[in-house]
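Student: what follows is a predicted protein model with its sequence.
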Amino acid sequence: MDICRDTPQEWLVRKSEAAWVGETTMKIARILLAPCFTLALGLAISPAPASNYVVVRREILVDRPADAVWQRIGSYCAIGEWLKLKCTIVAGNGGVGTVRQLDGSTIEPMVGSTPLSYTYAQTVGNMAARNYHGTLAVEPVGTRRARIVYTLIYDAASLTTEDARKAQFDRISARFQGAIETMKELAEK
């Protein structure tokens, strides 16, 4: 069978047979693959699992001006002193994009800042899977006092019971209440 030697009639027969085989193959493929495409389309437009974001806000008044308080507690690795852990800057210069490492394993890049605040995300660590973010801020209260505000947010949807969600909230609340009390002591010295 040499298509170069086919007569015009033989060539037309062969072309129509190939077309029939191609069409049949495509029909079979559509029938067999339709469930896969339907499943893929269903997954693509399915809503994301529900989130259960929890906000923990702790604040404390300090008898010092806001600038002085921030100078004492606001550097990105000052957390080592007031949360009692080891902090190392592993990238950056102290501004947005700076990355700190806590206790040799937790990674937290700074994602935002103002002159008296910073916000970070935890990308590696025990809260990273819960989309954990935190903001430390110092707010002026008049000219001689300030308020330290520590706000944390995390997704508690993966905690399956109310008891587990409450235990997580209580643990974080107590830890960061202790942190702002330590910050107050440091700032008022």
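Tutor: Received, thanks.
Student: burial of the nearest residue to residue 182 once chain neighbours are set aside, as a residue count?
Tutor: Nearest in space to residue 182, with sequence neighbours left out and distances taken as Cβ to Cβ, 6 or more residues apart in numbering, is residue 82 at 4.3 Å. C-beta coordinates here come from the backbone N, C-alpha and C atoms, glycine included. Look at residue 82: counted by other Cβ atoms under 10 Å, it has 22 neighbours.
Student: tell me which helix or strand in this structure has the weakest average pLDDT.
Tutor: Across the helices and strands of the chain, mean pLDDT, DSSP states H and E gives its lowest value to helix 8-45, namely a mean of 50.
Student: tell me the helix or strand right after it.
Tutor: Later in the chain than helix 8-45, the nearest helix or strand by DSSP states H and E is strand 53-62.
Student: could you give the bridge partners of residue 148?
Tutor: Taking DSSP bridges as the rule, residue 148 bridges to residue 60, residue 138.
Student: pLDDT at it, what is it?
Tutor: The confidence metric pLDDT takes the value 97 at residue 148.
Student: in this structure it contacts residue 73, no?
Tutor: Yes: assessed by Cβ atoms under 8 Å, residue 148 is found in contact with residue 73 at 7.1 Å.
Student: the more surrounded of those two?
Tutor: Neighbour totals were compared for residue 148 and residue 73, and residue 148 leads with 25 against 22 (other Cβ under 10 Å).
Student: now do the SS call for residue 158.
Tutor: Here residue 158 is recorded as coil under DSSP: H, G, I helix; E, B strand; the rest coil.
Student: list residues touching both of residue 148 and residue 73?
Tutor: 136, 138, 183, 187 (Cβ atoms under 8 Å, 6 or more residues apart in numbering).
Student: in helices only, show me the residues you listed.
Tutor: Residues of these located in helices (DSSP state H): 183, 187.
Student: quick check: phi and psi at the residue nearest to residue 104 when sequence neighbours are not counted.
Tutor: Among residues not flanking residue 104 along the chain, residue 86 sits closest, at 6.6 Å (Cβ to Cβ, 6+ apart). Residue 86 adopts backbone torsions of phi -80, psi 130, taken as degrees, to the nearest 10.
Student: surely residue 86 and residue 79 touch.
Tutor: No: applying Cβ under 8 Å as the test, residue 86 and residue 79 come out as separate, 9.9 Å apart.
Student: just want to know which of these two has more residues nearby.
Tutor: Higher neighbour count among residue 86 and residue 79: residue 79, with 21 against 11, using other Cβ under 10 Å.
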